[in-house]
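**Q** here is the input, now give the coordinates:
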Amino acid sequence: MHLIVGLGNPGKQYKLTRHNMGFEVVQELAEKHGMSFKSVQRFNADLAKGEMFGKEVLIALPMTYMNLSGNAVRKILDYYKIPVEKLLVVADDVAIDYGRLRLRTQGSSGGQKGLKHIEELLSTKEYSRLRVGIGDREHGDLADYVLGKLNEEERKLLPQIAKGAVEAIEIWIDKGNKEAIPFANSYTLENE
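**A** Numbers count the residues shown, from 1 in each chain. Now for the predicted structure:
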C-alpha cells in the first residue's frame, strides 16, 4: 500500500491559501481517480482509498492543523503497516518559485513545520516529499504570506500546477522515485 499525504489546515478559512497547496494537490489526485474522502476519527484525518496502476493507494488529509501533521501520519503508517518507503508527503515551500515542483527522498524540513513534525514522529528524514513552490514573500510576515489567499494570477495557474504535481505522484506510485524525481524537478508552467 502507498500512502500519499497532503499537508494543509482544515476549515473553509484556509481553502486556497498558499499553505494548503498539499491539500489542493492530493484532492485533485483523488478526484481524478474517482476516490472520495471520509473522516476517520482514529487518525484525525480524512482518508480516501483506491487503486492506481494495480497498487493499493491511501490518500490522507491530516485534520490536525499543519504543525501537528506527524500525529496523523504516524498513526496511519502504524495501523496499515505501511513502510516509510511507501510514504509521499505533499507540502508547500516558500523557498521555491511559485508552481515549481521538487521531489526528494530525504532532506531537511526547510522550516516547513508540517514536515518538521512528521520527521520528529517518524524519527527519520528519509521519506519522499513533493514540495510545491509558493514563491517567496517579498516583504512582510511569513505567517501572513503562507496563510494568505492565492491572488488572482496564482489561482489561474493552480489547475496547471495541480496537474503537474498529480502526474509526478502518479509516476511515483507507478514507477518509483527514479522516474518521478526527474519529471517533478524539471516541471515548468507552460507560460514560463
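
**Q** for this protein, which residue occupies the most central location?
**A** Residue closest to the mean C-alpha point of the chain, counted by Cα atoms, centre = their mean, is V90 at 1.6 Å.

**Q** ok so that one is a strand residue?
**A** Yes - the assignment for V90 (DSSP: H, G, I helix; E, B strand; the rest coil) places it in a strand.

**Q** find the nearest non-adjacent residue to it, please.
**A** Of all residues beyond its chain neighbours, the one nearest V90 is G22 (4.2 Å), with distances taken as Cβ to Cβ, 6 or more residues apart in numbering. Glycine gets a C-beta too; all of them are placed from N, C-alpha and C.

**Q** which parts of stretch 90-101 are buried?
**A** Of all the residues in stretch 90-101, those buried under the rule 16 or more other Cβ atoms under 10 Å are 90-94, 96, 98-101.

**Q** likewise stretch 173-181?
**A** Residues of stretch 173-181 classed as buried by neighbour count (16+ other Cβ under 10 Å): 173, 177, 180-181.

**Q** from the chain's centroid, how far away is that stretch?
**A** Per Cα atoms, centre = their mean, to the nearest Å, the displacement of stretch 173-181 from the mean C-alpha position of its chain is 16 Å.

**Q** list the contacts of the spatially closest residue to G50 that is not a sequence neighbour.
**A** Residue nearest to G50 in three dimensions, not counting chain neighbours: M35, with 4.0 Å by Cβ to Cβ, 6+ apart. Taking Cβ atoms under 8 Å, 6 or more residues apart in numbering as the contact definition, M35 lies against 48-50, 57, 59.

**Q** relative to K156, how far out is the closest residue in space to I161 that isn't next to it in sequence?
**A** With Cβ to Cβ, 6+ apart as the measure, G99 is the residue that lies nearest to I161, at 4.7 Å, once sequence neighbours are left out. Applying Cβ to Cβ, to the nearest Å, one obtains 11 Å for the distance of G99 from K156.

**Q** ok, V57 next?
**A** In this structure, V57 and K156 are separated by 29 Å, where distance is defined by Cβ to Cβ.

**Q** so for these two, which sits in the more crowded spot?
**A** For V57 versus K156, the count of surrounding residues by other Cβ atoms under 10 Å is larger for V57: 23 against 11.

**Q** how many residues are close by the closest residue in space to K38 that isn't next to it in sequence?
**A** Across the structure, with Cβ to Cβ, 6+ apart as the measure, the residue nearest K38 apart from its sequence neighbours is L47 (6.1 Å). Here the number of neighbours of L47 (other Cβ under 10 Å) works out to 21.
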